[in-house]
Structures are given as C-alpha cells and as structure tokens.
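Asker: Give me a 3D structure for the following:
(2 chains)
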Amino acid sequence: MAPTKPTKGKFSKGKSSSLPKGASKSKSSGSAPSGISKRKAKSLALAKPGGAQKTRSKTVDGKKKKRVYTEKELDIPKLNGIIPAGIAKPKGQKKGKKFVDDPASMMAIMSVVNAEKEGHIESKIMRARQLEEIREAKRKEAEARSEVKKAKFEETKNSLKKKRKSRHSDPARIEDLENEAPEKTAKAKKKRVSFG
Amino acid sequence: MRQLTEQETKTLFEKLATYCGKGIQGLITAGGSERHVFRVQGSRVYYVRESLANLATSVKRDALLSLGTCLGKFTKTGKFRVHITALPIIAPHARYKVWVKSNGEMPFLYGGNVLKAHVGRWSEDCPEHQGVVVLSMNDTPLGFGVSARSTAEARKLDPTGIVTFRQADIGEYLREEDTLFTT
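Answerer: This is a model prediction of the structure:
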C-alpha cells in the first residue's frame, strides 16, 4: 500500500523535526534511563506534573477501596443482652457428663436427700397433728354446745311438766274440771252430725 | 451402659427415699458382701454387682438387654419411675408399711387400691401422700403405693374408703409381661 507508507514516514519525520534538537538530547542524557520503555516514559512524564492530581481525582470519585474491619479489630463493647441460664456455660469447664461412682460422693448425695426428705415428713406429720388437734378442739366445742342445748331443752320440758302437774294438783281447778266435764258430755250428746 | 450423673443420682435417691428410711444407705455400702453399683442402660437404671457391671462392658450397648436388678427408668422429663422389679430392694428398708389381709390380696394384685376393709394393720404416724410398701399378713411384699390418708384420718374412714393408692404390684409380672423388660 503505497499511500500509507509515505505518511508514516512523513509523520515520524515531522515529529522528530518538530522537537527541538537540544531538548531531545537533554531528555536522553538526563532523567530517563536509556533502557526505559516508551509507555513507562509516558507515564513518568504524566506523573511529574500531575502526581498530586492523580490522588485527588481518586478521592473525589470515591472509588478508593475501603478497608473492612473485623468485629474484633473494632473493639466494640458487647451488647447487654440476656443470656438464658441454661445456655451460659462457664469458660474453661470440661465438656460432657460428670459421673458419680465412688461411694463417698454417693453417700454425700444420699445424706442430703435423706435430710431433705426427713424434713418434709416431719413437717407433714407436725401439720397433720396440728390439724388433728384443731379438729378435736372443734369437736369438743360442738359437743359442749349440744350438751348445753340439750340441758336447756330438758329444763324447759321439766318446767312445762311441772306447770301441768301444778294445774292438775290445784283443788279448785279440779272441781271446775269435774263440773266442766259433764257439761261437755251433755254438749257432746246434743251435737249430731248426719250425712245425708 | 454408664454410671449415673450427679443429677440422675439425686433424682434416683429422692425417689427411693420416698419409700425407704435411712436403711437405704446400705445399698451403697453393702457391708460384707460385694459392692453393688447403679448403672444406666438406655433410660433404665440397674442395681448391679460391680464385678458383673465390669464384665458387662464387653457386651455392646445395642446387644445388652438387661443386667442386675432393674430399679426403674428415667422419663423424658427427667423424673424417675420405680418399677415393680425394684420391690425386693425397697421392701427390706421400707419406712411405712401396710399389711393386707388375705381377702384383700387378690383385689390388690389385680390392680386395685387398698381399701380400709382389707387392711390388717398399718404403720403408725404415716402422713398423707407418703410412699408405702404393701405386704401380705405373712410379710411377703406385694407391691407399693402412696397413702391416701394419714393414719389418724384413715381410722375414721368407712370400710370402703381407699387407704393406699396402688403404684405397682407383683401382679404386673403377669399383666405387663410383654412390656415390662422391653420398653
């Protein structure tokens, strides 16, 4: 392709020609080493004037990766939550069941249990006795009351009987009664009832 | 098969102490004879001679059905239920006893409660709802239960009144034959 080639050559030619001779010389001899690649050189050239610019642009965009902290690193005080009694386990304690097989520890448990039971039974018996006493007292009271009632009743009965006897024993009254009796019989004779 | 934990031991002893007095301590320290221990297999508790318990470790758990004397089992709620098989161990150390007359033996062995009419004699000063061992008049243990009334109250009871609620009786060996040693 004929037209491209000359242009490339032209461009390169032009570029080289556009740069001042002194500048090109100084660049090659000064800061940049001879083995540096074209791309690196370009980046370096950009960094020189705009080193600060680069960082500024990143903070403005908010693209900077934030560091993620773990909870331990942050040292946050723990929440004051409720820990159920059954779940909370003291640290440093051995896991698993604690067996009891030696007679001494079994005896210790047994004596504790026995003492507890004795106490229960004693209190039960004491309560039963107290209740029994109260019941007995109540029964006696009721009995005494009924006795008094009975006595009173007897008394009134006797007094009534006495009254009756005294009425019978009075002679005037007896006479009256005797007089009244025939009248009554006469009246009874007169009285007649007939059913059709 | 394993030993009992502290809590399990306490629960077991509390239950046994319901029926027994202080003589129960003899279970732990068998004076003279060989030492006996408590072992759990599944949920059941066995009272076993120590040498036998050591031998039983050679039998794998699934294959071991029973050993020694079964005292009872732990329920899923953590309580302990005494079985009739524990009667020979409880009866000699019983705190309160009820002797049943011969006319009351059969009703009791068929699962009935003990009525006042059937009682030959009873221990004095027995409080209400206390574990009692039921015996025949010739001192053969028939079972155990819970007193329905205190002795003083029971005296005033009419003959058909219940004196002891049945919990277990030796009739269970026949009635519960299928399930007594399996479940």
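Asker: quick one: is the one helix or strand A:Glu118 maps to near chain B?
Answerer: Take DSSP states H and E as the rule and A:Glu118 turns out to sit in helix A:103-169. Yes: contact of helix A:103-169 with chain B (C-beta under 8 Å from any C-beta of the partner chain) involves A:103, A:106-107, A:109-114, A:116-117, A:121, A:124-125, A:128, A:132. (C-beta placed from N, C-alpha, C; glycine too.)
Asker: Looking at A:Phe11 now. What's its pLDDT?
Answerer: pLDDT, A:Phe11: 45.
Asker: What parts of chain B come near chain A?
Answerer: Contact residues (C-beta under 8 Å from any C-beta) of chain B with chain A: B:2-6, B:9-10, B:13-14, B:17-18, B:22, B:24-25, B:28-29, B:35, B:37, B:125, B:127-128, B:130, B:150, B:152-153.
Asker: How is chain B partitioned into domains?
Answerer: B:6-90, B:94-174 (automatic domain parsing).
Asker: just those domains: most buried one?
Answerer: domain B:94-174 (a mean of 18; mean count of other C-beta atoms under 10 Å in any protein chain shown).
Asker: Let's see the distance spanning it from one end to the other.
Answerer: 24 Å (C-alpha to C-alpha, to the nearest Å).
Asker: Let's test this: mean pLDDT of that domain, rounded?
Answerer: In this model, domain B:94-174 has a mean pLDDT of 95.
Asker: and it, how far from the chain's centre?
Answerer: 14 Å (C-alpha atoms, centre = their mean, to the nearest Å).
Asker: contacting residues for B:Ala94?
Answerer: By C-beta atoms under 8 Å, 6 or more residues apart in numbering or on different chains, the contact set of B:Ala94 is B:19-21, B:132-133, B:144.
Asker: Now tabulate those residues in CSV and tack on secondary structure and distance to B:Cys70.
Answerer: Listed next are the contacts of B:Ala94 as CSV, based on DSSP: H, G, I helix; E, B strand; the rest coil; distance: C-beta to C-beta, whole Å:
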residue, secondary structure, distance to B:Cys70
B:Tyr19, helix, 16
B:Cys20, strand, 17
B:Gly21, coil, 22
B:Val132, strand, 21
B:Val133, strand, 18
B:Phe144, strand, 15
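Asker: and B:Pro88, what pLDDT?
Answerer: Looking at B:Pro88, the pLDDT reads 94.
Asker: now it: how far from chain A?
Answerer: Distance of B:Pro88 to chain A, given as C-beta to the nearest C-beta, to the nearest Å: 19 Å.
Asker: That residue looks like it's in a helix, true?
Answerer: Yes: under DSSP: H, G, I helix; E, B strand; the rest coil, B:Pro88 sits within a helix.
Asker: wait, isn't it in contact with B:Pro141?
Answerer: Yes: contact status for B:Pro88 versus B:Pro141: in contact at 7.4 Å, counting by C-beta atoms under 8 Å.
Asker: what's next to the helix or strand where B:Gly120 lies, contact-wise?
Answerer: Per DSSP H and E: B:Gly120 is located in strand B:119-122. Residues from elsewhere that reach strand B:119-122 (C-beta under 8 Å, 6+ apart): B:96-101, B:104, B:137, B:151, B:154, B:163.
Asker: Give the pairing partners of it; include direction for each.
Answerer: Strand B:119-122 has its sheet partners listed here by DSSP bridges as strand B:97-100 (antiparallel).
Asker: And the helix or strand following the partner strand, what does it pack against?
Answerer: The first helix or strand that comes after strand B:97-100 along the chain, using DSSP H and E, is helix B:102-109. Applying 3 or more C-beta pairs under 8 Å, 6 or more residues apart in numbering or on different chains; DSSP states H and E, we find helix B:102-109 packed against strand B:114-115, strand B:131-136, strand B:141-147, strand B:162-169.
Asker: got the ones you listed as TSV, with distance to A:Gly86 columns?
Answerer: Compiled in TSV, the helices and strands packed on helix B:102-109 are given as follows (distance: least, C-beta to C-beta, whole Å):
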stretch	distance to A:Gly86
strand B:114-115	42
strand B:131-136	31
strand B:141-147	32
strand B:162-169	31
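Asker: Which of those strands sits closest to A:Ile83?
Answerer: Across those, A:Ile83 has its closest neighbour in strand B:131-136 (39.3 Å, C-beta to C-beta).
Asker: Report the angle between that closest one and helix A:103-169.
Answerer: Orientation check (axes from the mean of the first three to the mean of the last three C-alpha atoms, to 10 degrees): strand B:131-136 against helix A:103-169 gives 80 degrees.
Asker: Measure how buried the residue lying closest to B:Ala152 once chain neighbours are set aside is and give me the count.
Answerer: Spatial nearest neighbour of B:Ala152, excluding adjacent residues (C-beta to C-beta, 6 or more residues apart in numbering or on different chains): A:Glu132 at 5.5 Å. Using other C-beta atoms under 10 Å in any protein chain shown, A:Glu132 has 13 neighbouring residues.
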